[in-house]
Every structure is written in C-alpha cells, then in structure tokens.
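Novice: after the sequence you'll find the predicted model.
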Amino acid sequence: MTNKLTRRGVLKSGAVAGAGVALPTIFTASSASAQAYTNEPTGSTVTLGFNVPQTGPYAEEGLDELRAQELAVEHLNGEGDGGCLNTFTSKALKGNGILGKKVQFVTGDTQTKSDAARASAKSMIEKDGAIMINGGSSSGVAIAVQGLCQEAGVIFMAGLTHSNDTTGKDRKANGFRHFFNAYMSAAALAPVLKSEYGADRRAYHLTADYTWGWSQQESIAAATEAMGWETVNNVLTPLAATDFSSYITPVLNSGADVLVLNHYGGNMVNSLTNAIQFGLRDKMVNGKQFEIVVPLYSELMAAGAGKNVQGVLGSMNYNWQLDNEGSRAFVKSFGEKYGRPPSNSAQTCYAQTLLYADACERAGTFNPCGVAEALEGFEFDGLGNGPTLYRADDHQCFKDVLVVKGKENPTNEYDTLEIVDQTPVAQVTYAPDHPMFGGAEASLGTCNPGA
Amino acid sequence: MSEFILQILNGLDKGSAYALIALGLTLIFGTLGVVNFAHGALFMIGAFCSVTLSRILSASYETVDPTQKDFLGNPLKVKSTYMESWLGPDIGGAIIDWSVPLAILFSIPIMIAVGIAMERGLIKHFYKRPHADQILVTFGLAIILQEIIRGFYGANPIQTPAPEALSSVAQLGGALGLEIVYPAWRMVYFFFALATIGGVFAFLQFTTFGMVVRAGMADRETVGLMGINIDRRFTIMFAIAAVVAGWAGVMYAPINAPNYHMGMDFLVLSFVVVVVGGMGSLPGAVAAGFLLGILESFASWERFKVFDGLDQIIIYLVAIIILLTRPRGLMGKKGVMED
Amino acid sequence: MLGLNKKDFNLLMVVVGLSLFAPFILNIFPKDSAMAFFNGGYPDLMQRFAIFGIFAIGFNILFGLTGYLSFGHAAFLGVGSYAAVWMFKLLGYNVVPGLILSVIVAGLLSVVIGYVSLRRSGIYFSILTLAFAQMMYSIAYSDLFGRWLGITLTNGETGLQVYSNDPQILLGENSPIVPHIFGLEMNARLTLPIGPWEFVFPVGYYFSALFLVLAFYLSIRIFRSPFGLMLRAVKSNNQRMTYTGLNPRPYTLAAFIISGMYAGLAGGLLASMDPLAGAERMYWTESGAVVIMTILGGVGTLIGPVLGAGTIKYMENIISKMNEKLLHEWFGFLPDSLEYSIVWVASWFTGEGWHMTQGVVFMLVIIFLPGGLVEGGQRLAARFGAKSNDTGKTAQPAE
C-alpha cells in the first residue's frame, strides 16, 4: 500500500533531477518498487522489533519479556547453550541466524498506551527496518499494534494479551498470538473450581472496567454458570482505582460465597490485598468457606501480592515449574543467564521469537505472507508448553492451560505459585466463529506484505 | 445499616490519606506560596521508608540446604534474617513484624532531610516565580524522585504487611447490635491521621512558632518587617509538611502495596482536594479530604451509583460543582491564587 | 508581506524553511553510520513534530497571551481524534470531512468547558480544566457515553478504529483504504538515496506541515492584532482592564476556543496519519506535556512552542530507544570497568529511564532558562554578537 520508492523506482520515474519534492505523480505511481515486501532485508542481517512496556505499571513484565527476547536472539545466532533450539520439534533452525542472516533487534517502549505503542512500533518499522514486531503486555495495546502491523505489512507476535478480541473480533492476518485467552482461562478453571468448591456456589464479580476485564468476566461467568454456579453480581471498577475497600464491603453482605477478581496487574494486587484485609477468606457464608478466584495470574503479580495469594486459584499460560523437555531447557538457559526463573510472559515472547524465525526458515522467505502461511496450522512441541497448534482460522495458539494456586509455604521468592492442574487442550478449544470471538463476522482479512 | 456505616468508614479511610496529603500541600502553599507538584512524591517516599526499613530489618544471610533444590536444580540457598539469629526468633521476629510502625520513627529524619533539601535547594528560588514555573519545576522533580525509586525498587508493587496483631479484622458495632467487621489496620490509619492532623493544628495554635507562621501565612511582608526571620521558620514548615506527607505514606504501605507511581496517582486528586477545600485553608483541606473520600466511597457503592461510571468521575464532578457555586472552595480566602 | 512586518515575515519563512527541509535536517547522518540512531527523519516522528507543533502553538495563544494555564487541553486533542475517526468510519478515508469535524467538535467542547472554567481564574481555573479533562478521559476510557446510549462511541481502552464492515458511504470501488486526501495517500512517501544518505519525504508529513505553517501564520496575526493586545492586557492586569469598563471574559473565551480548535485540528491530523483514537491521549499527563512543550520552547514567543514540541517528541522517541545493548556497543571501545560504569550511569537516563531525562531537562530549563529555548537562543546570539563586537574593538587599536 505504501509507495515506498527506492533509488531504482525513482530512476524509473525519471524524477531524480527534481529532488523529488513536488511531483505528485511520483506518489501515485503504482508499486514501482524494488522491494517485494516491507523492510525486505537486503544485507547480511535481519532486524526484529521488540515492543514492550519499559515504563509504567507493567514495566517489570516488559523487562522480563525483553530478557527472554534477547536470549532468543542469542540462541538464533548460535550463541549460548541453544536453549529450546535443541528441543524444538521443527529442526529448520540451525543457530546461524534466520535464513543465514544474523539476527539483530531494536527495542521500543509501549508505555502500555495504545498511542505510544503504535508510535514506537512505527519508529521501529519506518526507521530501523524491523521485519516483525514482538511483545507487549496488554490487550488494548496488542490490538492497536496488531492493526498497525497489518497496515504496515509486517508480522506481529502479540506477547501478553489475554482478551478474547485479539484473535476474536479484532483478529488480523498478519497477527499471531501464543498466549492463551479469557475463554480458555474460564474453560480450564471451571472444572477445577467445581471439584474444589462444589457446584453450588454464588459468585460475586469485581471487573476492571476495560475491554479485557469485560472479556474475562463474560467468559468466566459463562463457564461457571454452565456448571451450576450463580452469578450474584458484577461490579465494574475503574482502572485508576487504587483502593478497593468500597467495592469489597458490599461483598460482605451480598450472600455470595466466592469472589472473582477480574483484575490484572496493580488492580489485582490491590483488590486481592484489600479482600484479604477485610477477612474474606476467613469467612463462612452459606455454610461454606468463602473463596477468592483470580482468573489470570502472573508471577510478578503473585510476587506483588505477597502472601495474600496463598490458596487462591487462577490460570496461567505457562509456569516455569512445568515439567517437560522444552520447559526444562528454557528455564535452565534463562535461569543461568539471569539468575531467576522466567515469567510466563517471558516464555511467550521467547517462544514467539523462535517460532517466527522457524517459520521464516520453513517458508524460505521473510515475506509476511509466506511466514503467515508457514505458521498457519503449524503443530509443534519442545518450546515449553507441550504440544501446540497455531490454528489457521484465527491465528490463536492452542495448548494445555495451567491451573495454578498460590503456594501456602513458599520456600523462596520465586516459589509463589504451584500447578494444580494441566487442563488438556481439547477442553479449552472452541469454534473459530464462537460468539465471544466476534461470531461469524470476524475475519482475518488478507495478509498484507506491504510495499 | 451496617453497610452504610462500612462505606462511611471506607470514606474516612480514603479521606485520611487525602486529608494528610492535602494538609501538607496547604501548609506549603499557605506559608511559602508555592504550588508543589512534588508533594505526591513525598507521600511515595514515605511509603518506601516502610519498604526500606522492613528490608533493613529483615536483612538476611544465605545458607545452603542440600536437601532442597532451587529452580535450576542446584542446592537451595535458604535465607535467614540476622535479626532472628541475633535476638532469637521471638524478639527478632517481632521487630521485623512491627517494621511498619517502626518506620514512623525511621521516616522522620529522612523526610526532614528530603524536605529541607527540596526547599533550600530548589523551591527557595521559586518564591517569586509564576505559579506555572513552580508547577513545572516541582513536576520535574517529582518525575526524577519517582524514577530514582523505580531504579532501586523496580516497578512492581512491594507488599509491606502490617504487624500480625493488627492485620486481622476488628469487630465493631457490638454495642449497636450490628455486625460490623473492619480491617484493624485501616482503623489504625484513620486514628493515626486524626492524631497527626490534631497535632499539626495544636502546634500552629498553641506554640509561638505556630503563631508566627500563622501570622506569616496571613501577611508575610509585615511579619518580615517586624524583624522576624520568617524564612527559616518557613523552611521548618516545609520539613513538617514533608513529614506529614511521608507519614501518610508510611502508614499507607500495608493498605496497598507501594509502587513507584503511587505519588502521581494521588497527586491530581490531592490538588482537587486542596482546591475544593479552598487554597490556603488548613481546615478546608482536611474537611474536603474527608468529604471527597466519603463521596467517592458512596459513588462506588451500587445503591448510590445513579448511573454507570459515576465512581470514575464523582470527584471531578463534585469539584466542578463546588468551584462554580463557591468560588473559593469550601473555606478559601479571598484573593488567594486568583491572579 | 502577507500583512506581516519584516521580522515576523522572516520568522514565518524560517518555519516554512524548517518544514520544507525537515527531511534533510533530521536525516543529517548517513544511513549506515553509527550516528544514524540520532536521525529523527522518519515519517511518524516528523508528523508528530508538525502536529504537536500545532497543538503547542494553539496552547500558547491561550497561555502565552492571557496567562490562563489550562491543564485540560488534551481533551480537545482527544475529541478531535475521535471525531476524525468517526468520519472515516461513516464516510470514508478522505481526511477533509474528518479534519473539519474535528475542529468543529473541539470548538464546541471548548465553548462549554471554556464558558464554565473561565468564571474562575488562577489555579482554580487550572483545576477546573483539569477536572473536565479527567472526566472526559474517564468517559472515553470506559466508553461511558457509549454505554449510556447503548452504542460504541470510543471503543474504550482499545481505541476507536475503522473496521471493514463500517458504513463508509463515500468509499468508492477504487478508493484507497488508508487515510488520503483526494486519492493522495497519507502514508505514501518518496525515498531519495543520495550517496550514503537516505532522505524520506512522506506525504502525511508535508500535509501536516502545511497546517503547521498556516497555524503559525494565524498565530502571528493573532499576536499582532488588537485582539492579541487585548489578551495581553488580560494577562498583565486583569483588574485594571475591568475598571476601564472592558469585560475581559469574551476575549479570554475567544482565545480559549481558538486554542481548543487548534488542539482539535492537531487531534484530527493525528488520526489522519494513523486512523486510531485512544483515550490515553486525553490523560492529564498529556495536557501537562503541552504545557511543558510551550514552556520549554518559550511561553508567549511565536516560535517557542514549535521548538518545544519538537524537542519533547524527539527526546521521547529517540532516548527511549537507547537500550543497554546499544550503550555497550557505543562505549565498547573503553576499558571494561569504565565501559560498565558509564553504561550504568547512562542507563538511568536512557531506554526505560527516559522519563528521568525528561524530568532533568524540565528542571534545568525552568531553573536556568525561564524564557525557554528561545531565551537560550537569544542569550547565545547575544554572547556571540558581543564577542564579535569585542574582537572588532580589540582589532581596531592594532590598526
């Protein structure tokens, strides 16, 4: 779509003499471009763009993503111990970069704001020649950047984004998501909730008042109602809220015996802390022990909430305690380099970087359309999550989902969560035209190679 | 009924933080005539005094425990605190447990030092400058302070629990025949705020120092002409305001885990509080703090949420209404900050 | 010329020249050189320079002339963007209707907010505008208006964007599906390699720069008009003006509305460059950013706001991209211990520490250059001028 003219194109139009400022015809000249697609790498290197929150409330999350991405680049270039390159079922990657080109990367700060994220992604694409964008830590940002990458003609790998919309109504042909989503969290959690807390429960929802919160609440309410729970109330809380006391007190006398906190990040740390302060977990209601559920967990949030997470159930995309060959290789590689276990968003970004590289190798090109085709319907194992499928219909990745619980007696600062259950992928799979995912109307559109 | 009381308690609790911050802001504004956008940062530094003291007290050494393994499969390094190994688990553990209340003392020298450094090093030079300049230079300072904290403590919230004995819920309202449970620490926070506010007022009312400062607030030039070194007293007032803001933060740490941007989160709100109370009026600031806290609590309670999202805009809505009906806020004086 | 005196005309020509040659000035380092990192001449950033320049010029008409410090101007920028994106959704991707509506909507909103807020002055005015803007932000972020009406108005935190199933009634068979002006696409660009340099000329940038020049011209005319004089009178002595029987309110309200419309235009242009409108651009820190741009450049000066906007946007985009790996590359030639200590210090100010740099720059400028960059430039010029005089004088006796 962009008429990006290189020297050859300019020569063809015969406009070099005019220094090409004021000749409108040049701009409308159709694809007189030497590039087959946006930022086609011509030298001996290829540049990846890592767009993560480096400032703002999710900065730690972003920092961990950045660590993982740097590690992935090392492994791609054949440095370090190779990590998951050794366990990955696809053997296309040789540790000599991608398609023989050495991998470089540039970084940008999303600030967890759609505007800033698009600006930094644009600068990486327009200025640094990034061939793909990877990372991020919020759904609003992921959807905004995904839209941008679709227009610009580069591949977008989403990072931490959990809203159904990313691969639902806002799905795009150039975008892929390795992370799981709200629907999957709910589908994985519901059976565990039933077996732990029984089928006769009354749930009170506190929901962060933005797209992801709504999406999460809708999913978990549907899943728990299907197994017999009653949803007593759903109260929306402002994103900017820091003190949740006035949202917690009405729970006390509502007759509910479960509190579902559809919050993430700082919201979740505060709302959970406040709920524990009000003694909710020591309460008996309807003859049952009062319980709290946090549908989406992350290690950093668990660390922030401290001992308040103990015994609280939630779900995760990945946890470093997951015991399989790929996971062990990744944790070892990451742990030895950084002295700490990886977070689940770090694993996501690591896996996405390798997957992108692998898809380029298998496609034999960096052309986004070729890469997308190679990723669509791709099944693999050995990157930490167990057997995984990238579904062609919506570019959502399907794999087992972990149900985790805050550990009662942590032995060290990283030992905050324990895996309760590994929900098999079949149980969290849904139809691509599921109503929560934009229904039949949602479409990927066509792949855009730019240029 | 009990829910109604609970929401009032919530409001008083939120209001305590607002009132303490607004009180400090008003002291600085009233005495020095400076609009201090770095005041939220002082609150944040206070909260991090709690974090720091609890880290110092629980400083630990590592011993290798070969029976357990860490995440890489190496023998686990178990941490034990010096405090507990020196003083025994009972006394040592209790000291660590009480680190937040102890931080009240710990924070005093820190906040005074920060306050004096700020006033002497920077704000002193801005007495005669336009308010816009004051706002921007203190805003710049706030960013820097916040970034320094982020550099040392990271962006993640840091859980800083209250002492075990005060982390439970308190049973209230037994005499009224109502079942009211409220977190003990929040009650402590409220009474602590009341005591601090009372202390500041008493200090201004009953000491010569306070009298001079009040006179200075009313008419700075005349007091200066009387040969009283008003500047030095104002520096001390700035330090006191910093301590008040710091204490608000110290005690707030167990309520919500401190993070580096908590000061900015409170900044806009506390300015709204000050303006609603009336610039330069100490009782106004306190009253407006509690008033807005209670209104915010009730707006987020469904029974009073007349329309969706009222809880998000209530503070601003109230501020607009009050400023339009009462030009100088609740208790503001004529002519202050209107040019 | 153009109704301007010689000095103002020259200033206008400077802005025209800077705008025209920005792609050269900002791409001063050859593409593959080590310094290419500091090039700011890529489309997105150049467009931001122009757009935030317009925003700051408009803000300066209110703040610089009347002294009323609005802390809520980002609200007008935000509604401008929403209005433009709605036009894209309903009519099609031609930017003209979007820009017109964004100016109108921002103008109407500024009538309301201005009328109410201008009943107070000083910090009360600032807090009123802040309160309004924060309300608008909350309303946009959770799409409260949309919720009350039962429709999607701002699309919440994701931001308002154009979907392929939107009406777009004017979208013809062959119309471009990106913002364009009568077929000329905003994201089209011309790349001109000369030797090791590579210069990029984006359509969107020149389109925005055209508005920047117009906005600048209009601002000169306002500054030099009797209306501008009246506004200055409001700033210097509001009371005396009232005593002379003049009511300052209509003048300040007019200034408020004009600067609101400037902000709306900037918002519309932002959406035209990138058809997405997010609530974050209405947050109070964004309102603060335009205050800072204006003061950094020089309040009440004509060119100051443009320079301030450019400086802030450059810092935000370039410094935040310096990561530690890059720093290690740059300082790799030093001995290890020195390299690591320099990188340690530098990393406080770069990459994720760019806010720190921002804070330090504000403080330094406000402490040492109350008149902003313009004052800095004048002082430099004065010193330079004085020096050349001195050399002239000392040279004379030798003859």
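Specialist: It's in.
Novice: please pull out the lowest mean pLDDT helix or strand from chain B.
Specialist: Averaged element by element with mean pLDDT, DSSP states H and E, chain B has its least confident helix or strand at helix B:220-225 (a mean of 72).
Novice: what's that helix packed up against?
Specialist: For helix B:220-225, the contact count by 3 or more Cβ pairs under 8 Å, 6 or more residues apart in numbering or on different chains; DSSP states H and E identifies helix B:208-218, helix B:230-252 as packing neighbours. To be clear about C-beta, it is placed using only N, CA and C from the backbone, and glycine gets the same treatment.
Novice: closest point of the stretch 301-450 of chain A to chain B, which residue?
Specialist: A:Gly306 (3.1 Å; Cβ to the nearest Cβ).
Novice: quick check: that residue vs C:Ser337, distance?
Specialist: Using Cβ to Cβ, to the nearest Å, we find A:Gly306 at a distance of 38 Å from C:Ser337.
Novice: show me which strand runs longest in chain B.
Specialist: Looking across chain B with DSSP state E, the single longest strand is strand B:60-69.
Novice: anything in it near chain A?
Specialist: Yes. Applying Cβ under 8 Å from any Cβ of the partner chain, one finds strand B:60-69 touching chain A at B:Gln68.
Novice: which strands border that strand, and is each parallel or antiparallel?
Specialist: For strand B:60-69, the paired strands and their directions (DSSP bridges) read strand B:75-81 (antiparallel).
Novice: and the residue nearest the centre of chain C, which of the three is it?
Specialist: Nearest residue to the geometric centre of chain C (Cα atoms, centre = their mean): C:Phe52, 1.5 Å. Going by DSSP: H, G, I helix; E, B strand; the rest coil, the secondary structure assigned to C:Phe52 is helix.
Novice: with adjacent residues omitted, what lies nearest to it?
Specialist: C:Ala309 (3.9 Å; Cβ to Cβ, 6 or more residues apart in numbering or on different chains).
Novice: residues contacting A:Ala305?
Specialist: A:268-269, A:272-273, A:406, B:157, B:159, B:257 (Cβ atoms under 8 Å, 6 or more residues apart in numbering or on different chains).
Novice: can you do 6 Å?
Specialist: Going by Cβ atoms under 6 Å, 6 or more residues apart in numbering or on different chains, A:Ala305 touches A:269, A:272.
Novice: so it belongs to a helix, correct?
Specialist: Yes. Counting by three-state DSSP, A:Ala305 is part of a helix.
Novice: what residues does chain A put near chain B?
Specialist: Residues of chain A found near chain B (Cβ under 6 Å from any Cβ of the partner chain) are A:59-60, A:238, A:242-243, A:245-247, A:249, A:253, A:269-270, A:277-279, A:300, A:304, A:306, A:335, A:341.
Novice: what's the answer for the stretch 51-200 of chain C, then?
Specialist: C:69, C:121-124, C:127-128, C:131, C:134-135, C:138, C:142, C:144, C:147.
Novice: please see if stretch A:140-151 touches chain C.
Specialist: Yes. Stretch A:140-151 reaches chain C (Cβ under 6 Å from any Cβ) through A:140, A:143-144, A:147.
Novice: any idea of the mean pLDDT for that stretch?
Specialist: Stretch A:140-151 carries an average pLDDT of 92.
Novice: and stretch C:203-218, by the same measure?
Specialist: Stretch C:203-218 comes out at a mean pLDDT of 95.
Novice: sorry, back to before: so which of the residues of the stretch 51-200 of chain C next to chain B is the most crowded?
Specialist: C:Ala131 (29 neighbours; other Cβ atoms under 10 Å in any protein chain shown).
Novice: and the strand or helix carrying that one, what other elements does it pack with?
Specialist: Secondary structure assigned from DSSP states H and E places C:Ala131 in helix C:122-141. Helices and strands touching helix C:122-141, as assessed by 3 or more Cβ pairs under 6 Å, 6 or more residues apart in numbering or on different chains; DSSP states H and E, comprise helix B:310-325, helix C:95-117, helix C:284-297.
Novice: change it to 10 Å
Specialist: Applying 3 or more Cβ pairs under 10 Å, 6 or more residues apart in numbering or on different chains; DSSP states H and E, we find helix C:122-141 packed against helix B:131-153, helix B:262-277, helix B:310-325, helix C:74-90, helix C:95-117, helix C:144-149, helix C:249-273, helix C:284-297.
Novice: out of those, the one nearest chain A is which?
Specialist: So among the helices and strands packed on helix C:122-141, helix B:310-325 is nearest, using Cβ to the nearest Cβ, at 4.4 Å.
Novice: what angle do that closest one and helix C:122-141 make?
Specialist: For helix B:310-325 against helix C:122-141, the angle by axes from the mean of the first three to the mean of the last three Cα atoms, to 10 degrees is 150 degrees.
Novice: tilt between helix B:310-325 and helix B:262-277?
Specialist: Using the same axes, to 10 degrees: helix B:310-325 against helix B:262-277 is 40 degrees.
Novice: do you know the pLDDT at the residue nearest to C:Phe52?
Specialist: C:Ala309 is given a pLDDT of 94.
Novice: so what's the residue count around it?
Specialist: Other residues close to C:Ala309 by other Cβ under 10 Å number 30.
Novice: so it sits in a helix?
Specialist: Yes. Counting by three-state DSSP, C:Ala309 is located in a helix.
Novice: check contacts around it.
Specialist: Counting by Cβ atoms under 10 Å, 6 or more residues apart in numbering or on different chains, C:Ala309 touches C:48-57, C:59, C:212, C:266, C:289-290, C:292-294, C:296-297.
Novice: how about stretch A:282-290 as PDB, C-alpha atoms only?
Specialist: These are the backbone C-alpha positions of stretch A:282-290, laid out as PDB (Å, rounded to 0.1, in the frame of the first residue of the first chain):
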ATOM      1  CA  ASP A 282     -11.700 -16.400  56.900                       C
ATOM      2  CA  LYS A 283     -15.400 -16.000  56.400                       C
ATOM      3  CA  MET A 284     -18.100 -18.700  56.300                       C
ATOM      4  CA  VAL A 285     -21.000 -17.900  54.100                       C
ATOM      5  CA  ASN A 286     -24.000 -20.300  53.400                       C
ATOM      6  CA  GLY A 287     -22.200 -22.800  55.500                       C
ATOM      7  CA  LYS A 288     -19.200 -22.800  53.100                       C
ATOM      8  CA  GLN A 289     -15.700 -21.400  53.300                       C
ATOM      9  CA  PHE A 290     -15.500 -18.100  51.400                       C
END
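Novice: name the surrounding residues that touch that stretch.
Specialist: Contacts with stretch A:282-290, where a contact means Cβ under 10 Å, 6+ apart, come from A:197-198, A:200-202, A:251-259, A:275-276, A:279-281, A:291, A:311, B:168-169, B:181.
Novice: ok, of those, which come out buried?
Specialist: A:197, A:201-202, A:251-252, A:254, A:256-259, A:275-276, A:279-281, A:291, B:169, B:181 (16 or more other Cβ atoms under 10 Å in any protein chain shown).
Novice: okay, now the unreliable bits of chain B?
Specialist: By pLDDT under 70, the low-scoring segments of chain B are B:174-176, B:220, B:334-339.
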